[in-house]
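S.K.: Here you go, sequence then predicted model.
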Amino acid sequence: MDTARLKRIQGLFLEAADLPETERRPFLENACGDDDALRAGVLAMLQEDARGGSLLDGDLSQVARNILNEFPDSHLPKELGPYRLVRMLGEGGMGVVFLAERTDLGSLVAIKILRDA
Amino acid sequence: MTFTNALREKTSETVMPGQEPGSKAEKQTLDYLFSVTYEELRRLAFTVNRNDASFTLNPTALVNEAWLKLVKSPPFETTSRLHFKRIAARAMRQVLIEAARRRNAGKRGSPAIFADVDLAVTEIAFGGHELLALDEALQELERLEPRQAMLVESRFFGGLDVLETAELLEVSEATVHREWRAAKAWLKHRLRQ
């Protein structure tokens, strides 16, 4: 990937994004010609544009909190039924999420502990 | 791309009043501004009671707090608020990246997450791994399109709004919207690969 390529793919993305959905494919077929990688890239970007739920779509507050929040290990319940809590992964809206290991099976899961629990 | 290069690329006007653009004095001033801002943001980020459930680490709020404190001292006195926010965005990114790296030190790879039928497993809130991946993708964007990377950094890490970003980059608001949209889609696509 170089600057020219990036400008091209972004340029086509913006043009296609402005078109009604039904017109996008024909537009890209025409604009990209043989360049399948280019067309695939633009289509992927259009998909990302339509879908939210990534780090960049939200704000930094929650992420920052997760990174800077050093949940003191001494306050961690060490075991929860058959699970051993390994470390905190992050915080969702309603509770804290931990990485846990199933002590008998060794498998890893994520456990959410609700705030009011 | 060094910090001072990225800032200078933005505009032809003098960044630091009274100093020659590209001069050693200007570079030293900018580096100084950055170091002090970085230290202050780091201090603020780590002193708030993080285990308080109501705590939110809002980057815009932190940047404002840092500004209120630092504006009284030279050379911040002669720095515009907009330029400060630009510097603070880069500094905030640094604070978080370093914190994420420290947390990940010694841990290998990302955690394996499986759904377990007995538990209510939900999506994981974004944390250090995701931020480090974003940082890498952003570094790549910096190599290819430095002004666009600056836009992303300023908006996402510094909390600059569309108007402020337009002023910083000396473009229209419509351009900011377009560039932000394209940058986001490109970065998100990159992060999936």
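M.R.: Looks like it came in fine. Remember, it's a predicted structure, so these values are computed and weren't measured experimentally.

S.K.: Does whatever residue of chain A ends up closest to chain B lie in a helix or a strand, and which?
M.R.: Nearest to chain B, among the residues of chain A, is A:Gly90, at 3.5 Å (C-beta to the nearest C-beta). Using the backbone N, CA and C atoms, a C-beta is placed for each residue, glycine as well. Assigning secondary structure by DSSP states H and E places A:Gly90 in strand A:83-91.

S.K.: average pLDDT across that strand?
M.R.: For strand A:83-91, mean pLDDT is 79.

S.K.: partners of it in the sheet?
M.R.: strand A:79-80 (antiparallel), strand A:95-102 (antiparallel) (DSSP bridges).

S.K.: Can you dump the C-alpha atoms of that strand in CSV for me?
M.R.: Taking C-alpha atoms only, strand A:83-91 is exported to CSV below (Å, rounded to 0.1, in the frame of the first residue of the first chain):
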residue,chain,number,x,y,z
TYR,A,83,-13.7,-21.1,37.7
ARG,A,84,-10.5,-19.4,38.7
LEU,A,85,-10.3,-15.7,37.9
VAL,A,86,-7.2,-14.9,35.9
ARG,A,87,-7.4,-11.2,35.3
MET,A,88,-9.8,-8.4,34.5
LEU,A,89,-10.5,-7.8,30.9
GLY,A,90,-12.6,-4.7,30.9
GLU,A,91,-15.8,-3.1,32.0
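
S.K.: next one: that strand to chain centre, how far?
M.R.: Its chain's C-alpha centre and that of strand A:83-91 lie 19 Å apart, by C-alpha atoms, centre = their mean, to the nearest Å.

S.K.: And it, what's buried?
M.R.: Using 16 or more other C-beta atoms under 10 Å in any protein chain shown as the test for burial, strand A:83-91 gives A:83, A:85, A:88-91.

S.K.: any chance of the residues you listed in JSON lines, plus distance to B:Gly127?
M.R.: Shown next, in JSON lines, are these (distance: C-beta to C-beta, whole Å):
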{"residue": "A:Tyr83", "distance to B:Gly127": "20"}
{"residue": "A:Leu85", "distance to B:Gly127": "16"}
{"residue": "A:Met88", "distance to B:Gly127": "9"}
{"residue": "A:Leu89", "distance to B:Gly127": "7"}
{"residue": "A:Gly90", "distance to B:Gly127": "5"}
{"residue": "A:Glu91", "distance to B:Gly127": "9"}
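
S.K.: from those residues, which single one is nearest B:Leu138?
M.R.: Nearest to B:Leu138 among the buried residues of strand A:83-91: A:Gly90, at 20.7 Å, using C-beta to C-beta.

S.K.: Can you show me the helices along chain A?
M.R.: Under the criterion DSSP state H, helices of chain A are mapped to A:3-18, A:21-32, A:36-50, A:60-68.
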